[in-house]
Structure formats: structure tokens, C-alpha cells
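A.B. asks: requesting a structural model of the entry that follows:
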Amino acid sequence: MKDLDPVIHAQARLRIMAVLSSVGEGDRITFTRLQEILDMTAGNLSVHLTKLEQAGYVEVVKSFRGRTPSTSAGLTRRGRLAFDDYTAAVRALIDQPKEL
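C.D. replies: Numbers count the residues shown, from 1 in each chain. Below you'll find the model as predicted:
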């Protein structure tokens, strides 16, 4: 059985990855909307997004809409594969035969 990816395994990062995996490939969600969905503080979300970005799992894009700054995030191809591997490892752990 494969080990669970420690970058994804932290509860907050797992929740972020789950939400971002539901967004279409190549699409992003705004930081504000992600914060609302996850009910996380801006600082906490930012720290965890940075960790996921450093691992190459998430791409964070900063832009402007007129004069208003906008930040959005989405899974990279590597992030999508890592999340798929993570969920497969969890399923394997749950489904493995139990010896009593």
C-alpha cells in the first residue's frame, strides 16, 4: 500500500484539494470564494495554499479586474494526479482485508 501524501493529508489541505478537484481541469476559483466554501480565515487559507503551491499541486494567479486585485487558485496537472493517487490510497486502506 502506498503511503498517504503528507502534503495533502493535513485536514485543511485535504479540504482545499477536494474543492479544487471539483473545478474543471484548467479552471480556477477565486480566493474569496474558496475561503467562503471552506470557512477558513484568509491567513490560514493563504498558508495552506502556499504549501500546496510549493509542492507543485496548486497554481495561484494574481491579477486585476480594473483596479481591483483578484487572486484565484486551481489544481495543476501534478496536483490532480497527486489527489487521485491520494484518494486511491485511502480507498485501498479502507478496503484492505481486516484481520481480527
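A.B. asks: give me the pLDDT value at Leu4.
C.D. replies: Looking at Leu4, its pLDDT is 91.
A.B. asks: measure it to Arg91 for me?
C.D. replies: 11 Å (Cβ to Cβ, to the nearest Å). Every residue, glycine included, has its C-beta placed from N, CA and C.
A.B. asks: more neighbours: which of those two?
C.D. replies: Using other Cβ atoms under 10 Å, the more surrounded residue of Leu4 and Arg91 is Leu4, with 14 against 10.
A.B. asks: in three-state terms, label that one for me.
C.D. replies: Following DSSP: H, G, I helix; E, B strand; the rest coil, the label given to Leu4 is coil.
A.B. asks: ignoring the adjacent residues along the chain, who's closest to it?
C.D. replies: Ala89 (5.5 Å; Cβ to Cβ, 6 or more residues apart in numbering).
A.B. asks: for the spatially most central residue of the chain, which residues are in contact?
C.D. replies: Central residue of the chain (Cα atoms, centre = their mean): Met17, 2.2 Å from the mean position. Counting by Cβ atoms under 8 Å, 6 or more residues apart in numbering, Met17 touches Ile8, Leu52, Tyr57, Leu75, Gly79, Phe83, Tyr86.
A.B. asks: shouldn't Ser63 be in contact with Ser70?
C.D. replies: Yes: applying Cβ atoms under 8 Å, one finds Ser63 in contact with Ser70, separated by 5.3 Å.
A.B. asks: of those two, which one has the most company?
C.D. replies: Applying other Cβ under 10 Å to Ser63 and Ser70 shows that Ser70 carries more neighbours, namely 13 against 9.
A.B. asks: can you list contacts of the host helix or strand of Ala88?
C.D. replies: Using DSSP states H and E, Ala88 sits within helix 77-95. With Cβ under 8 Å, 6+ apart as the test, helix 77-95 has contacts from 1-5, 7-9, 14, 17-18, 20-21, 25, 52, 55-58, 75.
A.B. asks: what do you get if the cut-off is 6 Å, keeping everything else the same?
C.D. replies: Residues outside helix 77-95 that contact it (Cβ atoms under 6 Å, 6 or more residues apart in numbering): Met1, Lys2, Leu4, Asp5, Ile8, Met17, Ser21, Gly56, Tyr57, Val58.
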